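Asks: Quick one, structure for this:
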Amino acid sequence: MINYDGKRFRKVSTDPNAPVTLYRQKDDLVWAELSGGGVRLGSLTGKCGEDGTIDMAYTMVLASGQVIAGHSTNTPEFLPDGRIRLNEVWERYGNPGSRGTSAIEEVAE
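Replies: Predicted coordinates:
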């Protein structure tokens, strides 16, 4: 199992203000809080599988005031430099709901 505790991730984008999220882990439980960019405050809570895949729920209050919630399955991929990329398949609940894919990458120290 991959240990995500203390690892920092950022959405793969060219936006220098994209929030950096510090992951915490105890046994198979994974959680984090994030803020910055267009997110006033967000949190995620999930479970890490033996293969490092994280199955999580998330909630966020965006800068616009919109409150969102959803589910994501994040599958790890190791980059050539040893960092982790998490490939996300997500679903946002509510009206309007949406589905999609994205990626976050471990931030180098």
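Asks: And the helices in this structure?
Replies: Ranges of helices in the chain, per DSSP state H: none exist.
Asks: State which strand of it is the longest.
Replies: The residue-count maximum for a strand in the chain (DSSP state E) belongs to strand 67-78.
Asks: Alpha carbons of it, in CSV - could you do that?
Replies: The C-alpha coordinates for strand 67-78 follow below in CSV (Å, rounded to 0.1, in the frame of the first residue of the first chain):
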residue,chain,number,x,y,z
VAL,A,67,-21.3,24.3,-2.2
ILE,A,68,-20.3,21.1,-4.0
ALA,A,69,-20.0,17.5,-3.0
GLY,A,70,-19.1,14.3,-4.8
HIS,A,71,-17.2,11.1,-5.1
SER,A,72,-13.8,10.3,-6.7
THR,A,73,-11.7,7.2,-7.4
ASN,A,74,-8.0,8.1,-7.6
THR,A,75,-5.7,5.6,-9.2
PRO,A,76,-1.9,6.1,-8.7
GLU,A,77,0.7,6.3,-11.4
PHE,A,78,4.4,6.7,-10.8
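Asks: What residues of stretch 93-107 count as buried?
Replies: Going by neighbour count (16 or more other Cβ atoms under 10 Å), the buried part of stretch 93-107 is 104-106. From N, CA and C alone the C-beta is placed, and that goes for glycine too.
Asks: Reformat the residues you listed into JSON lines and put distance to residue 98 and pLDDT next to each item.
Replies: Below are the buried residues of stretch 93-107 laid out as JSON lines (distance: Cβ to Cβ, whole Å; pLDDT from 0 to 100):
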{"residue": "104", "distance to residue 98": "18", "pLDDT": "94"}
{"residue": "105", "distance to residue 98": "22", "pLDDT": "94"}
{"residue": "106", "distance to residue 98": "26", "pLDDT": "95"}
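Asks: with those in mind, which one is nearest to residue 50?
Replies: Nearest to residue 50 out of the buried residues of stretch 93-107 is residue 106 (Cβ to Cβ; 19.6 Å).
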